[in-house]
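Visitor: any chance you can model this:
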Amino acid sequence: MGMLVTMNAVAMCTFGAAPCTLVVLPTNRVLVDTPAANIMDSKPIVNFPTFGMCMSMANPTVAAATAAALGVLTPMPCVPATAAPWIPTSPTVLIGNMPVVDNTSQAICSYGGCITVTFPGQTKVVL
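Guide: A predicted model of the protein is given here:
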């Protein structure tokens, strides 16, 4: 198991222009300096604010802007569209009766982007 993902972790989408800071609400009541995330912490806007600009042609706003620009890729503001939970890599470790999100977990955007953790937020391990 890798490092736990906590509040203020940094995530990046393959079609996003900028990283975003993950928001983990304290509803699970598990703290590792800050609230720790489980796989259900994957809601658009609530957990993933934005990745800046989206460059995925599967995103209808990007496709429309690109068509209007005669085929020149035109990024549009990112509104994450994660419809499924994180894909866990440590299914036996639970927080709030759900598997934890660690630094190797991934989330998938409906527009084709793969969201990965670049900084998990956990900075020390206590054994």
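
Visitor: from here on, just use CA atoms for contacts and neighbour counts.
Guide: Noted.

Visitor: tell me the contacts of M40?
Guide: The contact partners of M40, taken as CA atoms under 8 Å, 6 or more residues apart in numbering, are P85, W86, M98.

Visitor: rerun that using 6 Å as the cut-off
Guide: When contacts are counted by CA atoms under 6 Å, 6 or more residues apart in numbering, M40 is found next to P85.

Visitor: and if you look at the one 10 residues further on?
Guide: Neighbouring residues of T50 by CA under 6 Å, 6+ apart: C78, V79.

Visitor: would you say it is within a strand?
Guide: No: residue assignment for T50, taken from DSSP: H, G, I helix; E, B strand; the rest coil, gives coil, which places it outside any strand.

Visitor: so how far is V10 from it?
Guide: When CA to CA, to the nearest Å is applied, the distance between T50 and V10 equals 11 Å.

Visitor: got it, and P44?
Guide: Per CA to CA, P44 is found 15 Å from V10.

Visitor: tell me the spacing between the residue lying farthest from the centre of the chain and V62.
Guide: Here the chain reaches farthest from its C-alpha mean at L70, the gap being 31.5 Å by CA atoms, centre = their mean. L70 sits 12 Å away from V62, going by CA to CA.

Visitor: any idea which helix or strand carries T6?
Guide: Counting by DSSP states H and E, the element that carries T6 is strand 5-13.

Visitor: meant to ask about A67
Guide: A67 is located in helix 60-68, with elements delineated by DSSP H and E.

Visitor: what packs against that helix?
Guide: Helix 60-68 sits against no helix or strand, with contacts defined as 3 or more CA pairs under 6 Å, 6 or more residues apart in numbering; DSSP states H and E.

Visitor: can you offset everything so residue one is 35?
Guide: Okay, using 35 as the starting number, the last item reads as helix 94-102.
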